[in-house]
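[1] Sequence and predicted structure, then a few things I'm wondering about:
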Amino acid sequence: MPLSLKRIIKFAHKLDDAYCVTSDKGFRLRDYDPGDTGNLGREDKPRAKEALKLGVEHLAALQDMLYAQDRWAVLLIFQAMDAAGKDGAIKHVMSGVNPQGCQVASFKAPSSEDLDHDYLWRCMKHLPERGRIGIFNRSYYEEALVVRVHPELLGKQKLPEELVSKRIWDERFEDIRNFERYLSRNGVLIRKFFLHVGRSEQKRRFLERLDEPDKNWKFSEADARERGHWKDYMAAYEEMIRETATEYAPWYVVPANNKWFTRIVVAAAVIEALASLDLRYPKVDKRKLQELAAARKLLMSE
Ligand code: ATP
Ligand code: MG
């Protein structure tokens, strides 16, 4: 039975509730199972794929209005351990949207120019314009993840010594909360996704990258090394979510062991976010209507 749009939206709403974190109240990462597939089983996979396809069409229609209205901007932030499926989720969920209304920025290790500035600088340059969806594939959150797990990276940031204290992570969280509040007060709708993959599933995917020649390019030795710091990363992610999950910029803890499920949760969250904006096509005023009538007359007289 084909899924109706109404059911998709209802479904999206439910999924949205299950994985959205809006405050620090008792958040524990271990309460979230990377292998979770909601109340869907493997046998529902084809239906889930169909739902994703419909969801993506719905998303494209919303994005068209976002673009036409030209008031709100949407910022989607993706964070995850390697091989959690960030790239695939971004690709699938945004597959139907008009590329003109969408911009993706990937943040890798900072360049020397980046390091000559405050850490938000390079991200600010890529904030989406009004009417657009901006995607951050990694972000300023790396500053409290990889940099926290490898504090020696702080040394490269050329910060004045007296500013680097034990409080630096709390200060970063505070600054990030304030930055996101500032953005939200300026019409930037923020949604953040932590793709939560399990350690053994990551190993399986790494081995797949080693075994399949077409996937070899995706493997990097550094990724395997970072895996050794798994516990530290999970602790850093947990604290990051506790400290920066807010009503105006919630985190989604998305189960990532099953890619088909990851994608529908992300699509559902983006649909919910756009639907919350009450988007409308701009109404044309009387003068504009007259202009249109005159144009029609001119064309018809040719
Ligand atoms: P892929 O799926 O292609 O591996 P990726 O997002 O992991 O995608 P990489 O080319 O591996 O891309 O580069 C990302 C690396 O850059 C990560 O290891 C990340 O921790 C690191 N990085 C990102 N931001 C910072 C930062 N502010 N400081 C230090 N390292 C950073
Ligand atoms: Mg990588």
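    Looks like it came in fine. Ligands and ions are numbered 1, 2, ... in the order given.
[2] Quickly note the distance from residue 31 to residue 196.
    Separation of residue 31 from residue 196 (Cβ to Cβ, to the nearest Å): 11 Å. Glycine gets a C-beta too; all of them are placed from N, C-alpha and C.
[3] the more surrounded of those two?
    residue 196 (24 against 8; other Cβ atoms under 10 Å).
[4] mind listing the strands for the stretch 151-300 of the chain?
    For the stretch 151-300 of the chain, the strands defined by DSSP state E, counting those that start in this stretch occupy 188-196, 251-255.
[5] Can I get those in CSV including mean pLDDT and distance to ligand 1?
    Formatted as CSV, those follow (pLDDT from 0 to 100; distance: least, Cβ to the nearest ligand atom, whole Å):
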stretch, mean pLDDT, distance to ligand 1
strand 188-196, 98, 11
strand 251-255, 97, 16
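[6] hey, which of those is tucked in deepest?
    With neighbours taken as mean count of other Cβ atoms under 10 Å, the strands of the stretch 151-300 of the chain reach their highest mean count in strand 251-255, at a mean of 25.
[7] For it, what is the distance to the chain centroid?
    Relative to its parent chain, strand 251-255 has a centroid offset of 10 Å by Cα atoms, centre = their mean, to the nearest Å.
[8] Run through who's touching that strand.
    By Cβ atoms under 8 Å, 6 or more residues apart in numbering, the residues outside strand 251-255 that reach it are 19-21, 29, 32-37, 89, 191-196, 241, 244-245, 261-262, 265-266, 269.
[9] Generate a PyMOL selection restricted to the buried subset of those.
    Filtering these down to the buried ones (16 or more other Cβ atoms under 10 Å) takes a single PyMOL command:
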select buried, resi 19+20+21+29+32+34+36+37+89+191+192+193+194+195+196+241+244+245+261+262+265+266+269
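[10] Determine the next helix or strand in the C-terminal direction from the helix or strand bottoming out on mean pLDDT in the chain.
    One helix or strand of the chain scores below all others by mean pLDDT, DSSP states H and E: helix 5-19, with a mean of 73. As assigned by DSSP states H and E, the chain's next helix or strand after helix 5-19 is strand 20-21.
[11] Now the helix or strand just after that next one: buried residues?
    Per DSSP H and E, the first helix or strand lying C-terminal to strand 20-21 is helix 45-69. Neighbour-count burial for helix 45-69 flags 48, 51-56, 58-59, 62-63, 65-67, 69 (criterion: 16+ other Cβ under 10 Å).
[12] Fine by me, we can end here.
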